[in-house]
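S.K.: Sequence and predicted structure below; questions after.
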Amino acid sequence: MDRVETEGLSPIDELAFARVLLDSVKAGRRGATLRLYRPAPTVAFGARDRFLPGFPAAVEAARDHGFTPALRSLGGRAAAYHEGSLVIDHIEPSDSFITNTSARFSRFGEDYVSVLRGIGVDARLGEIPGEYCPGEYSVNVAGRIKAIGTAQRVVSGAWLFSSSVIVTDPDPIRAVLTDVEAALGVTWDPLTGGAISEVHPEITVDAVAEAFASYFARDFALTPSSPTADELAALPAQAAGHVL
């Protein structure tokens, strides 16, 4: 499995690069691919958010909090992450098209719970009442705080499973989501929008990244890799679809 490292990308480019990698895997230029990175502050809006009357105000609210607003191509609603988070992009080739999507959510959700429990986190699988960007297979901490949100995209020949893990520094996450969701008119419980560190202050982003790298290394030999010239050339066109 290629473990792709990126440096110096903007928040928009980081989001778009997942789709670039998906295209590379789909075309057979890469095999199974993994990318783990610490993102800059970003609010990734879902496609449905665009049609809400308060969407322009929500975009401005994200900017006011120092978060880059972006439109994501994966499912779900508005989600926020920052340097105290870890984003995991896992891409694999596949002969199936639009199959096993629920099973994939379930399998990775259960596995991710085990990964966090392995480093001492009281992780649990399932949606918390009132959580932002709700998902049946979200991972929470102690039944209180949404810790991992997952989304996937399946194309002919490959799939992308993307996850954001909110590890530390909960206050900016809760603050930006409070104003963004208010603008969108979405009802939610702000207490669900924190970070793992609120329950487990000893947990660091580096510890979480190491735990997930070890998880993937159980099934794959991880080979360090960099973006190719073709991938970097494809990035601007892909990024244009994420700009708000």
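M.R.: Nice, I can see it. Since the structure is predicted, the reported quantities are computational estimates derived from the model, not experimental observations.
S.K.: I'd like to know how many residues surround the closest residue to residue 134 other than its chain neighbours.
M.R.: Once flanking residues are discounted, residue 134 sits nearest to residue 127: 5.2 Å by C-beta to C-beta, 6 or more residues apart in numbering. Glycine gets a C-beta too; all of them are placed from N, C-alpha and C. Residue 127 is surrounded by 15 other residues when neighbours are defined as other C-beta atoms under 10 Å.
S.K.: Residue 127 belongs to a helix?
M.R.: No. Secondary structure of residue 127 (DSSP: H, G, I helix; E, B strand; the rest coil): coil, not part of a helix.
S.K.: Verify the contact between it and residue 135 for me.
M.R.: Yes. With contact taken as C-beta atoms under 8 Å, residue 127 and residue 135 are classed as touching, separated by 6.0 Å.
S.K.: picking that back up, state the distance from the residue nearest to residue 134 to residue 186.
M.R.: For residue 127, the distance to residue 186 (C-beta to C-beta, to the nearest Å) stands at 15 Å.
S.K.: Near the closest residue to residue 194 other than its chain neighbours, how many other residues are there?
M.R.: In this structure, residue 194 finds its nearest non-sequential neighbour in residue 170, 3.7 Å apart by C-beta to C-beta, 6+ apart. Residues near residue 170, counting by other C-beta under 10 Å, number 17.
S.K.: Partner strands of the longest strand along the chain, with direction?
M.R.: Among all segments of the chain classified by DSSP state E, the strand with the greatest residue count is strand 145-155. Here strand 145-155 is paired, per DSSP bridges, with strand 139-141 (antiparallel), strand 158-166 (antiparallel).
S.K.: For that strand, list every residue counted as buried.
M.R.: 145-154 (16 or more other C-beta atoms under 10 Å).
S.K.: again with stretch 209-219
M.R.: Under the neighbour-count criterion of 16+ other C-beta under 10 Å, stretch 209-219 has 209, 211-212, 216 buried.
S.K.: Filter those residues down to the ones in strands?
M.R.: Taking DSSP E as the definition of strands, the buried residues of stretch 209-219 contribute nothing to them.
S.K.: Low-confidence ranges, this structure, go.
M.R.: Scanning the chain for pLDDT under 70 picks out the ranges 97-99.
S.K.: backbone phi and psi for residue 42, please?
M.R.: Phi and psi for residue 42, reported as degrees, to the nearest 10, are phi -140, psi 140.
S.K.: And the helices in this structure?
M.R.: Counting by DSSP state H, the chain has these helices, from start to end: 11-26, 55-64, 101-118, 170-184, 205-217, 229-240.
S.K.: Which positions within the third one qualify as buried?
M.R.: Buried residues in helix 101-118, defined by neighbour count with 16+ other C-beta under 10 Å: 104-105, 108-109, 112-113, 115-116.
S.K.: which of these sit farthest apart?
M.R.: Taking C-beta to C-beta as the measure, the buried residues of helix 101-118 span a maximum distance of 18.5 Å, between 104 and 116.
S.K.: Next up, the contacts around the residue of the chain most remote from its centre.
M.R.: For the chain, the C-alpha lying farthest from the average C-alpha position belongs to residue 53; by C-alpha atoms, centre = their mean, that distance is 25.3 Å. Applying C-beta atoms under 8 Å, 6 or more residues apart in numbering, we find residue 53 in contact with residue 185.
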